[in-house]
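Visitor: Got a sequence here, can you build the structure:
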Amino acid sequence: MKLLYFDDYRLGILKGDAVVDVTDELGDIPVVEQRTLMNGLIARFYDYRGRLETAVAREDGQPLSSVSPRPPIPLPRNIDCMAVNYMEDGTRDEPAAINGFHKSPSAIIGPGDTMVLGDIPATVFEGEAELAVIIGKRASDVTEAEAMDYVFGYTNFIDGSARGVGPANNVFFQVKSRDTFAPIGPYIVTADEIDDPQNLAVRLSVNGTVMQDFNTSDMAHQIARCIEWTSSIHALEPGDILATGTNHRGLNAFMDGDKVELEIEGIGSLAINVRDDLKRTWSRNTRLQHAEKGLEGAHTPQLSGKYAK
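Guide: The predicted structure is shown next:
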């Protein structure tokens, strides 16, 4: 099942190229506001699944092209992101120590929205293609063996990053939690529709050119281990997002006017825009291309605009 929000946060289910509005089927789920209905449904999904399947079978829905998709989980309690969690196509001799960081839920945007590059002295702005896990039930100190039982589903996630800001030993907050730096969507695919989340093709394109192209089989610490580790630090709640990391070799500078599209096998396609009112520019080289040219630093330097050196 593919669940999404659309228009004024109506909750829908994808049926081919149509959306069936099931909001009224969920009227007895207590919510603080409409944007938390998805969280409530996830926590009670198996009580409502039969009702939802009946509604989808009964209704034709409306064309997906006629609605405005929203972030499918706009108000999670937590966004946890795994750090350095890929073997980088075998170029790492061994997995990095398991690590992660917290990203502000207020950074979330959805399909068709715009990532805004702020007036800050970042050395580069990047967006990392990631498979995001949506937690289905409260998880605290779960074991790796049982961890996948806590997965509700999956969605696309772009981890926006403003590199080079903040003190060197405390970078994640200033680099990662800026408004608009957590695009997700276009919908949540329930776990039963994904046969093997550890074997999914991940591709991120910028202006039609594929920049990141890797497979989730390259993860250093697999999803179950990530859930075990994260839930040992704090409890995960229904609707929480666990972003599983990226292969850094295809990372490249995001710039004003960019059209970015992330597609993960079986998860759909998430398209966003990029805006930089300062019109700064960088070379379009990926990190891999930058390294292959023998250039200094992890990424291409800024070419023009405010803060260029």
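
Visitor: list the contacts for Gly268?
Guide: Neighbour list for Gly268: 2, 156, 185-187, 189 [criterion: C-beta atoms under 8 Å, 6 or more residues apart in numbering]. Placement of C-beta: from N, CA and C, glycine included.

Visitor: give me that answer again for 10 Å
Guide: Neighbouring residues of Gly268 by C-beta atoms under 10 Å, 6 or more residues apart in numbering: 2, 4, 14, 69, 111, 154-156, 185-189, 262.

Visitor: check contacts around Met38.
Guide: Contacts here follow C-beta under 10 Å, 6+ apart; on that basis Met38 touches 3-5, 9, 11, 26, 29, 31, 70-76, 134, 188, 238-239.

Visitor: and the lowest-mean-pLDDT helix or strand in the chain, C-alpha only, in CSV?
Guide: Every helix and strand of the chain was ranked by mean pLDDT, DSSP states H and E. The lowest is helix 172-176, at a mean of 90. Once side chains and other backbone atoms are set aside, the C-alpha atoms of helix 172-176 remain, and they are given as CSV (Å, rounded to 0.1, in the frame of the first residue of the first chain):
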residue,chain,number,x,y,z
PHE,A,172,25.8,18.3,12.4
PHE,A,173,23.3,20.8,13.9
GLN,A,174,24.3,23.7,11.7
VAL,A,175,25.1,21.6,8.7
LYS,A,176,22.0,19.4,8.6
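
Visitor: For that helix, which helices and strands make contact with it?
Guide: Packed against helix 172-176, as judged by 3 or more C-beta pairs under 10 Å, 6 or more residues apart in numbering; DSSP states H and E, are the following elements: strand 79-82, strand 100-103, strand 124-135, strand 151-163.

Visitor: by how many degrees do the third one and strand 151-163 diverge?
Guide: I take that to be strand 124-135. Here strand 124-135 points in a direction 170 degrees away from that of strand 151-163 (axes from the mean of the first three to the mean of the last three C-alpha atoms, to 10 degrees).

Visitor: now strand 124-135, how far from the centre of its chain.
Guide: 4 Å (C-alpha atoms, centre = their mean, to the nearest Å).

Visitor: what's the average pLDDT for that strand?
Guide: Taken as a whole, strand 124-135 has a mean pLDDT of 98.

Visitor: so what strands line up beside that strand?
Guide: With DSSP bridges as the test, strand 124-135 is paired with strand 151-163 (antiparallel), strand 241-243 (antiparallel).

Visitor: Ok, the second one next?
Guide: Using DSSP bridges, the neighbouring strands of strand 100-103 in the sheet come out as strand 79-82 (antiparallel).

Visitor: Show me where the stretch 101-250 of the chain has its strands.
Guide: Remark: strands assigned in the stretch 101-250 of the chain by DSSP state E, counting those that start in this stretch are 108-109, 114-116, 124-135, 151-163, 182-190, 201-206, 209-215, 241-243.

Visitor: Tabulate the ones you listed in TSV, adding columns for mean neighbour count and distance to Lys306.
Guide: As requested, the strands of the stretch 101-250 of the chain are arranged in TSV below (neighbours: other C-beta atoms under 10 Å; distance: least, C-beta to C-beta, whole Å):
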stretch	mean neighbour count	distance to Lys306
strand 108-109	24	24
strand 114-116	18	15
strand 124-135	26	13
strand 151-163	24	14
strand 182-190	26	24
strand 201-206	20	22
strand 209-215	17	25
strand 241-243	26	30
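
Visitor: circling back: can I get the strands paired with strand 124-135 in CSV with distance to Thr209?
Guide: Formatted as CSV, the entries for these read as follows, by distance: least, C-beta to C-beta, whole Å:
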stretch, distance to Thr209
strand 151-163, 16
strand 241-243, 24
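
Visitor: Let's have these in JSON lines, adding mean pLDDT and distance to Ile98.
Guide: Shown next, in JSON lines, are the strands paired with strand 124-135 (pLDDT from 0 to 100; distance: least, C-beta to C-beta, whole Å):
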{"stretch": "strand 151-163", "mean pLDDT": "97", "distance to Ile98": "17"}
{"stretch": "strand 241-243", "mean pLDDT": "98", "distance to Ile98": "13"}
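
Visitor: before we move on, back to that, Gly50: which of the contacts of Gly268 is nearest?
Guide: Distance from Gly50 was checked for each of those by C-beta to C-beta. The minimum falls on Lys2, at 17.2 Å.

Visitor: Show me what the closest one bridges to in the sheet.
Guide: Lys2 forms beta bridges with Val189, as assigned by DSSP bridges.

Visitor: OK, contacts around it?
Guide: Lys2 makes contact with 12-15, 19, 72, 153, 155, 186-190, 193, 267-268 under the criterion C-beta under 10 Å, 6+ apart.

Visitor: Next one, pLDDT for it please.
Guide: According to the predicted model, the pLDDT of Lys2 comes to 98.
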